[in-house]
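Student: Sharing a sequence plus its predicted fold:
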Amino acid sequence: MLLRLPLKITTQQRRIPRQGILLLIPIMILLGIESVDAQQIPAANLSIEPTPMAKEGYTLFEATPATASKKLPGKVNETSGLIWFRESWWTHNDSGGKPEIYRLNNSGSKITQTVRFNDIDNIDWEDITTDGEYLYVGDFGNNYGKRNNLVVYKIAWKEVPGNGDVSITPQAISFAWGDQEDMNSKPYKHNFDCESIFYANGDLWLLSKNWDNFSTRLYTLPTKPGHYNIFPVSEIDVNLLVTGADYDSINMTLALIGYKNMIPSIWLFRNFNPSHPREGEKIRIDMTSMAGTQTEGICFGPEGKLWISAEKTKVRPQMIYELNVNSFLRPSLKKQ
């Protein structure tokens, strides 16, 4: 119906007049947005109810998250990792930022507490996780594929007061990729970058960010300080650059965030067993309407909330977005 008017004008006059071009442009944009492989969900500030489609090995959704925060402070314009602890968001900047963790207020617009790490630099902090007793920060960003100083920093929550800034000297869990044989990788064209960490079953778990094949490898790392050579447990075909992860131990659900061609997507692995990651239900949530958003961190919150942090880009400010994870954790459709 929308195409009839400009096409009629074209047929009669054998060219598209200026008015027709102006009308045709938004129609073409609209059609491009609606050409995705699942039903588009309009933006909303309420829980969304997407309609799934059965795909090969997983269920696909198309959704638009709501904004959970106001614009984050300028001091965290490159927000990377994200966790929910002590009824607050905690985040940090990535490469070049200060070696600090920031606690945000309920709107996300102000920093209410700063935890500074003594005697270290933020080479490329990429993600954060917690086991409830300790906080872990991954300085393992590796865009050029040549780092030999990969490390996870560890501090005890008991050293962090309920309020007020504090400086703490962290412990170090250093590691190397045991399966990396070539240290002469080309920047952004290798499979040994890393931006994701989560805690499960007494260990830390890292996921590679594969610039070359858009897959991800899963590694396990002990929580005890020391140095380790780690090898992949499994590889998962996610078809995106994985930039963040979180694990809900109560519901046994792993969430990954990432993007491809600057279009963000989430993977949910239900009944996830880190030792057998290929098992369980798999759900992919594409967010085509968020194109241009550089999603970085992800974490589970109360009441089925799933929060996503995004750093500042040319088209969007630094923000935290929200989805209702319960809208997606349904029985998968059987493939016809």
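Tutor: Thanks, I have it.
Student: doesn't residue 110 make contact with residue 73?
Tutor: Yes: using Cβ atoms under 8 Å, residue 73 is in contact with residue 110, at 6.4 Å. To be clear about C-beta, it is placed using only N, CA and C from the backbone, and glycine gets the same treatment.
Student: what do those two both touch?
Tutor: residue 104 (Cβ atoms under 8 Å, 6 or more residues apart in numbering).
Student: pretty sure residue 129 contacts residue 83?
Tutor: Yes: the pair residue 129 / residue 83 is scored as a contact, 6.5 Å apart, by Cβ under 8 Å.
Student: overlap in contacts of those two?
Tutor: In contact with both residue 129 and residue 83: residue 246, using Cβ under 8 Å, 6+ apart.
Student: that's a strand at residue 128, yeah?
Tutor: Yes: membership of residue 128 in a strand is supported by DSSP: H, G, I helix; E, B strand; the rest coil.
Student: what's around it, how many residues?
Tutor: Close neighbours of residue 128, defined as other Cβ atoms under 10 Å, add up to 26.
Student: Give me the distance between the residue nearest to it when sequence neighbours are not counted and residue 326.
Tutor: Once flanking residues are discounted, residue 128 sits nearest to residue 81: 3.4 Å by Cβ to Cβ, 6 or more residues apart in numbering. Using Cβ to Cβ, to the nearest Å, residue 81 is found at 24 Å from residue 326.
Student: Between these two, tell me which one has more neighbours.
Tutor: Using other Cβ under 10 Å, the more surrounded residue of residue 81 and residue 326 is residue 81, with 30 against 14.
Student: Now that one: which helix or strand?
Tutor: For residue 81, the element it lies in under DSSP states H and E is strand 79-85.
Student: and if you look at residue 298?
Tutor: Assigned by DSSP H and E, residue 298 belongs to strand 294-300.
Student: Sheet-wise, list the partners of that strand with their directions.
Tutor: The pairing partners recorded for strand 294-300 under DSSP bridges are strand 305-311 (antiparallel).
Student: which residues are in contact with the strand it pairs with?
Tutor: Against strand 305-311 from outside (Cβ under 8 Å, 6+ apart): 65, 68, 72, 77-82, 84, 89, 91, 94, 244, 255, 257, 264, 266, 293-301, 316, 318-325.
Student: Could you look up the next helix or strand downstream of it?
Tutor: Following strand 305-311 in sequence, per DSSP H and E, is strand 319-324.
Student: What ranges in the stretch 1-150 of the chain fall below the confidence cut-off?
Tutor: By pLDDT under 70, the weakly predicted segments of the stretch 1-150 of the chain are 1-55.
Student: Show me where it has its helices.
Tutor: Ranges of helices in the stretch 1-150 of the chain, per DSSP state H, counting those that start in this stretch, are 4-13, 18-33.
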